[in-house]
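Asker: Sequence unavailable; structure follows:
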């Protein structure tokens, strides 16, 4: 085969891979579109524009900082979320809290949420914000976005903050659990032996070395971010996941210790266009205490 033929073949393969990606992951998933309500990741400028237009198109801002930081400075109109309570509710009773209809109706209703509301979540700490984003998607909220870079990025742009108390009305919230977003322990055990699944360990290198799900790919969640703390471009994320054998037809499972870092990686996978993404929310905290769960070192 001469060099001209090799170049033609290489170009043809690249075009085919691009076509397969588009058909298998992006085109079918409205979450990756640029439509304002379905866009997963918003810049601080986009959030500011949505806030300015909120009279015509209401937006709910959820702040995931700790209470003291929220009371000192938050985005104008943002409602505080007690992330610790949401985490405890999810992990209660060995993870059975993730199917507690009454508790999630209370937690979301007291924040004035509905499943069709336009919700923007930000931190503080990205794993906390991503945890709340994932839980909202899991309980059936359709339009939930993260603000890229959190409140630190907002302040860097010298956008307004407030320390005012925010008043809002509670709502009636009816959870509709999206169980296809959740991985459970027995499923993770099987996923380690299934070529159609890719398990991502999002923890630090030292945690990974101390023990992991057999066959798990290591991709620490911090590697998904730029030095400024924003998400890397989608093209970079796809290359990173592709290098770890993730493909549009495979199912991804993310885990950490207790769901937060795994939520960041689940978000990044969806941002990159992957449709079949599950968060093992109970994560290593549960897996490592299961006597029947195999561990690789």
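Answerer: Yes, it's here. Here the structure is a predicted model, which means the values were calculated and not measured. Numbering: from 1, shown residues only.

Asker: The host helix or strand of residue 286: how far from the chain's middle?
Answerer: Residue 286 is part of helix 283-287, with elements assigned from DSSP states H and E. Relative to its parent chain, helix 283-287 has a centroid offset of 18 Å by Cα atoms, centre = their mean, to the nearest Å.

Asker: What helices and strands are in contact with that helix?
Answerer: With contacts taken as 3 or more Cβ pairs under 8 Å, 6 or more residues apart in numbering; DSSP states H and E, helix 283-287 sits against helix 185-191, strand 251-255. (C-beta placed from N, C-alpha, C; glycine too.)

Asker: Let me know which of those is tucked in deepest.
Answerer: Most buried of these, by mean neighbour count (mean count of other Cβ atoms under 10 Å): strand 251-255, with a mean of 26.

Asker: quick one: contacts of that one?
Answerer: 183, 187-188, 191, 196-202, 213, 216, 241, 246, 262-263, 265-266, 269, 274, 276-280, 283-284, 287 (Cβ atoms under 8 Å, 6 or more residues apart in numbering).

Asker: Check whether the closest residue to residue 60 other than its chain neighbours sits in a helix, strand or coil.
Answerer: In this structure, residue 60 finds its nearest non-sequential neighbour in residue 119, 4.9 Å apart by Cβ to Cβ, 6 or more residues apart in numbering. For residue 119, the assignment made with DSSP: H, G, I helix; E, B strand; the rest coil gives strand.

Asker: sorry, back to before: take the contacts of strand 251-255 and keep only those in strands.
Answerer: 197-201, 277-279 (DSSP state E).

Asker: out of those residues, what pair is the most spread apart?
Answerer: Maximum pairwise distance in those, criterion Cβ to Cβ, is 15.0 Å, between 201 and 277.

Asker: higher neighbour count, these two?
Answerer: Each of residue 201 and residue 277 has its neighbours counted (other Cβ atoms under 10 Å); residue 201 has more, 27 against 22.

Asker: Settle this for me: the more buried one is touching residue 215, isn't it.
Answerer: No - counting by Cβ atoms under 8 Å, residue 201 stays clear of residue 215, with 10.0 Å between them.

Asker: what about stretch 76-86, average pLDDT?
Answerer: Taken as a whole, stretch 76-86 has an average pLDDT of 98.

Asker: what separates it from the chain centre, distance-wise?
Answerer: With Cα atoms, centre = their mean, you get 17 Å for stretch 76-86.

Asker: Just the endpoints, please. Distance across that stretch?
Answerer: In stretch 76-86, first residue to last residue: 23 Å (Cα to Cα, to the nearest Å).

Asker: can you map out the strands along the stretch 101-250 of the chain?
Answerer: 118-122, 143-147, 197-201, 217-218 (DSSP state E, counting those that start in this stretch).

Asker: Name the strands paired with the second one and say parallel or antiparallel.
Answerer: According to DSSP bridges, strand 143-147 forms sheet pairs with strand 41-42 (parallel), strand 118-122 (parallel).

Asker: residues in contact with stretch 52-72?
Answerer: 36, 47, 50-51, 74-75, 77-83, 111-113, 117-125, 128-129, 131-132, 151, 163.

Asker: Going by neighbour count, which residues of that stretch are buried?
Answerer: By 16 or more other Cβ atoms under 10 Å, the buried positions in stretch 52-72 come out as 59-66, 69-70.

Asker: Going by distance to residue 173, which of these wins?
Answerer: residue 60 (12.2 Å).

Asker: Can you tell me how far that closest one is from residue 220?
Answerer: 31 Å (Cβ to Cβ, to the nearest Å).
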